[in-house]
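A.B. asks: Fold the following.
(one chain, ligands or ions: 1)
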Amino acid sequence: MKHATTFSAATFVVLLGGAAAQAADCPVDVESAFDLEEAQVVALYDCMKDTMVTGYSKQGNKVAQNYRNWTISSTRPAVAGPHGNRLLQTFANPIAAEQYLKFEEQGVKMPAGSVLAKESITISKKKKAARIGPLFLMTKLAAGGAPETDDWLYGGIQPNGKPMKFKQSFCHDCHIGWADQDSLAYPLEEVRVSSN
Ligand code: HEC
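C.D. replies: Numbers count the residues shown, from 1 in each chain. Sure, this is the predicted structure:
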């Protein structure tokens, strides 16, 4: 009988998993991501990072399964404002990494096959908890592959592993603001990992 109880308790944890455990285990006492100190961000990320990949990978998405092996572009997640005031951290695949980490401001042209994957964490003011946000993606297609978005394909994976649905223009209308940087906005300067 004792054994059966233990088993069902374990199953319960597995089934409810992610969100519930996370709210209890990674609490925050601030109202917005902007109020977090650097050390708090690092601790929060440490607490959430494994749950994040597990969630993004749930439906077998290849990028979700691989991006943590790519080149990280910042020393820690940071909040820039756009992307819903979330804490953001971008990874560049092997084709993108060299150029992306130069953070050049003029005449940038990313090679086809470049992929940028950006993790996000939302601070829920109401729940006083950190929640996993989407994994945002930008993929550079071959020349002419998507003329209206400078050959970028925008994508997103929800924390449950399912693809996000949105219009390409929703993302590109903002990213086009960085036209000289091939529509890339780059992480905040103070957290950039430079390849130079
Ligand atoms: C209101 C403006 C805005 C919108 C809309 C927006 N982004 Fe971004 N995006 C940014 C900014 C600013 C950054 C850089 C901030 C950071 O990473 O710290 C960024 C960074 C990124 C990056 C990392 C590569 C880079 O630009 O340095 C990806 C990937 C990304 N966004 C995907 C998306 C996707 C997918 C959508 C649509 C669902 C989207 N973005 C919508 C402003 C925007």
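
A.B. asks: what's the distance between the spatially closest residue to residue 38 that is not a sequence neighbour and residue 189?
C.D. replies: In space, and not counting its chain neighbours, residue 38 is closest to residue 76: 6.8 Å by CB to CB, 6 or more residues apart in numbering. Backbone N, C-alpha and C define where each C-beta goes, glycine included. According to CB to CB, to the nearest Å, residue 76 and residue 189 sit 13 Å apart.

A.B. asks: ok, the two, which is more surrounded?
C.D. replies: Neighbours were counted for residue 76 and for residue 189 using other CB atoms under 10 Å; residue 76 has more, 16 against 9.

A.B. asks: need the contact list for that one.
C.D. replies: Residue 76 makes contacts with 38, 41-42, 45, 89, 191, as judged by CB atoms under 8 Å, 6 or more residues apart in numbering.

A.B. asks: hmm, which of those residues are the buried ones?
C.D. replies: The neighbour count (16 or more other CB atoms under 10 Å) marks 41, 45, 89, 191 as buried among these.

A.B. asks: Phi first, then psi, for the second one.
C.D. replies: When you say that, I think you mean residue 45. Backbone torsions of residue 45, given as degrees, to the nearest 10, read phi -60, psi -40.

A.B. asks: Count the residues that sit near residue 166.
C.D. replies: Residue 166: 11 surrounding residues under other CB under 10 Å.

A.B. asks: next one: residue 55
C.D. replies: The burial count for residue 55: 22, using other CB under 10 Å.

A.B. asks: my read: it touches residue 160, true?
C.D. replies: Yes: contact criterion CB atoms under 8 Å: residue 55 and residue 160 qualify, at 6.1 Å.

A.B. asks: rewinding a little: from the buried ones among the contacts of residue 76, which two are the most distant?
C.D. replies: By the measure CB to CB, the buried ones among the contacts of residue 76 have their two most distant members at 45 and 191, which lie 11.8 Å apart.

A.B. asks: The strand ranked longest in the chain near the ligand at all?
C.D. replies: Taking DSSP state E as the criterion, the chain has its longest strand at strand 115-124. Yes: legend: contact between strand 115-124 and the ligand by CB under 6 Å from any ligand atom is shown at 116, 118.

A.B. asks: From the buried ones among the contacts of residue 76, which land in strands?
C.D. replies: Per DSSP E, those map to strands at residue 89.

A.B. asks: The buried ones among the contacts of residue 76 into CSV, with extra columns for pLDDT and distance to the ligand?
C.D. replies: Shown next, in CSV, are the buried ones among the contacts of residue 76 (pLDDT from 0 to 100; distance: CB to the nearest ligand atom, whole Å):
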residue, pLDDT, distance to the ligand
41, 94, 13
45, 95, 14
89, 98, 8
191, 96, 8
